[in-house]
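Engineer: Please work out how this folds:
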Amino acid sequence: MLKIPFSLLLFIALSVSVAAQKNSKPWTEWAAKDAQKILTDSAWAQTQSEFAEPPAAAGTAVTRTMSTNEARMVTDSKSLESGETLGNKSTALAVHFRVCFLSAKPIRQAFIRMIELQQPEMSPERVAQLRTFVDRDFGDYVVVTLITDGTDKKRIGPAMQEITSADPAVLKNTTYLERKDGKRVALLDYRAPGTDGMGAKFVFPRTLEGKPFIDANSGEVHFMAELGKSVKLNRRFKVAEMIYDGKLEF
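Structural biologist: Residues are numbered from 1 along each chain as shown. Okay, the predicted model is just below:
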């Protein structure tokens with residue numbers, strides 16, 4: 001399976017409105033920008049961007065974390081890939097951590113649509129085979145994926161090392177999903193990045209105390225994970241925005 005070039009995704013001009021998250025077109029007709037937005041900045045996906053900038057009066061770099069919205073405001077006007085400046089400061093090197101609910105149907109649709117667009121020569125049989133993934137039943141599990149890319153090569157290497165070598169037993173103490181009321185579900189399983197291009201996978205139970213962990217009244221879903229010293233993820237998703245085709249997808 002062709003790996004999706006996530007290093008380019010955040011640098012597409014994100015002029016599409018929030019309404020694009022619930023695109024009126026069938027997913028099989030999405031353009032690349034539609035699928036990219038679902039995968040990087042939507043109700044089911046967020047990007048945590050960390051920028052290292054040389055301070056004005058020092059030679060060492062400092063790091064600051066930006067939310068998806070902040071990162072979008074930067075990349076709308078400046079391309080970090082092109083080497084331009086960030087505001088009046090020196091060029092910032094970035095690491096992007098892209099957190100997606102793979103068990104949400106629109107995320108699976110976006111992944112498959114990107115592959116189809118990148119491989120227009122695929123046979124109808126192969127297309128049909130790939131599309132079966134969209135309707136996959138995740139049963140009692142919620143699956144969150146993590147894909148890492150960016151321009152800061154010095155930081156990406158160590159970050160990927162921590163992600164690849166993370167111990168599931170250790171992660172269970174630092175990784176969870178949390179509702180607005182403070183209730184949590186702990187990590188069940190962790191799978192390091194493979195060859196499918198969908199990144200590392202965090203597996204959580206879909207129920208708590210015999211009831212769905214997330215429902216229309218949950219307010220927010222907070223994803224927290226620590227994979228070593230340099231990879232600490234903290235993303236919040238609004239449940240009210242996770243409705244897709246009349247169904248709560250997560």
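Engineer: all strands of the chain, in order?
Structural biologist: For the chain, the strands defined by DSSP state E occupy 45-53, 62-66, 93-101, 141-150, 176-179, 184-186, 189-191, 200-205, 207-208, 211-212, 220-226, 232-238, 243-244, 247-248.
Engineer: and the gap between residue 113 and residue 193?
Structural biologist: Applying CB to CB, to the nearest Å, one obtains 21 Å for the distance of residue 113 from residue 193. Using the backbone N, CA and C atoms, a C-beta is placed for each residue, glycine as well.
Engineer: For the two, indicate the residue with more neighbours.
Structural biologist: residue 113 (24 against 18; other CB atoms under 10 Å).
Engineer: quick one: contacts for residue 108?
Structural biologist: 102, 133, 134, 136 (CB atoms under 8 Å, 6 or more residues apart in numbering).
Engineer: residues touching the second one, list them.
Structural biologist: Remark: with contacts taken as CB under 8 Å, 6+ apart, residue 133 is in contact with 108, 111, 112.
Engineer: circling back to that earlier point, tell me the one of the contacts of residue 108 nearest residue 175?
Structural biologist: Closest approach between the contacts of residue 108 and residue 175, by CB to CB: residue 102, at 15.4 Å.
Engineer: Model confidence for the closest one, exactly?
Structural biologist: Looking at residue 102, its pLDDT stands at 97.
Engineer: Number of residues surrounding it?
Structural biologist: Residue 102 - counted by other CB under 10 Å - has 22 other residues nearby.
Engineer: Same check on residue 250?
Structural biologist: Residues near residue 250, counting by other CB under 10 Å, number 26.
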